[in-house]
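Asker: Build the 3D model from these lines:
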Amino acid sequence: MEEVTIVDYGAGNIANVMKALKAVGLSGRLSDQADEIAQAKALIIPGVGAFNKAMQALNSKNLVQPIRDFADSGRPVLGICLGMQLLFDESSEFGHTQGLGLVPGKVIELPAQPGYRVPQMGWNDNQVQQENPLTQDLKDEATYFVHSYYARTQPENLAASVQFGQVEVPSVVVNKNVFGTQFHPEKSGSIGLQLLKNFKKMVNAYDPSSN
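Answerer: Now for the predicted structure:
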């Protein structure tokens, strides 16, 4: 069973992520050690909660630079929910906080809209802007969201989105080998598992000699 490393910074929902990974033939290994992250074949950044607290935890464990170095190596990175938001340059949640800077853009609050309650909580249909190994099965499929903030990014980094009232919410973002999903694959039924299977294919296909 192929092993991927899950960044351990005290984030919630890790047990469900590991269970979903096991279901698609991936073994999840928790780590908060820079040397173990450096040796990983692929990296998953999970998370639920607040952006600033998560970045504080990553900084306190001295994991920010190791994660950036890992991404620079060309190996696959997947951020999930808050983990996706952490990939961006910054967030305005509870004041300004610098992110990992792996995907250009900023995380901002979902605006109040008549008939739409924040947080977005529940299922929403994905529209694919860029078909890539992660999004190839996602078109018109519903996935499960729980979030009050969303990312603003460049068109070239927007792989899929959902409509929340008048707001286009990025649901999958990409920057070379770095991917993120605003939704929870581990809570999104068969389509979520298919996405993780697609990530597994990316892990298996990674060729170190190509970087």
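
Asker: which SS state does the most centrally placed residue in the chain fall under?
Answerer: Taking Cα atoms, centre = their mean, the centroid of the chain lies closest to Gly79, which sits 2.1 Å from it. Look at Gly79: counting by DSSP: H, G, I helix; E, B strand; the rest coil, its state is strand.

Asker: shift numbering so it begins at 10
Answerer: Right, with 10 as the first residue, what we last looked at is Gly88.

Asker: For it, give me its contacts.
Answerer: 53-54, 56, 94-96, 187-190 (Cβ atoms under 8 Å, 6 or more residues apart in numbering). For the C-beta atoms, the positions are set from N, CA and C on the backbone; glycine is no exception.

Asker: between those, which is nearest Thr152?
Answerer: Nearest to Thr152 out of those is Thr190 (Cβ to Cβ; 7.7 Å).

Asker: In contact with that closest one, which residues are there?
Answerer: Neighbour list for Thr190: 87-90, 93, 143, 152, 180-181, 204 [criterion: Cβ under 8 Å, 6+ apart].

Asker: What does it show for phi and psi?
Answerer: phi -120, psi 130 (degrees, to the nearest 10).

Asker: Which residues does it form beta bridges with?
Answerer: Ile89, Val181 (DSSP bridges).

Asker: Quick check: nearest residue in space to the residue nearest to the centre of the chain, chain neighbours excluded?
Answerer: In space, not counting the residues next to it along the chain, Gly88 is nearest to Gly189; the distance is 3.9 Å by Cβ to Cβ, 6 or more residues apart in numbering.

Asker: Look up how far Ile15 lies from that neighbour.
Answerer: 15 Å (Cβ to Cβ, to the nearest Å).

Asker: So for the two, which residue has more residues nearby?
Answerer: Using other Cβ atoms under 10 Å as the criterion, Gly189 and Ile15 rank with Gly189 on top: 29 against 24.

Asker: For that one, give me the pLDDT.
Answerer: As summarised for this prediction, Gly189 has a pLDDT of 98.

Asker: In contact with it, which residues?
Answerer: Counting by Cβ under 8 Å, 6+ apart, Gly189 has contacts 87-89, 92-94, 96, 112, 181-183.
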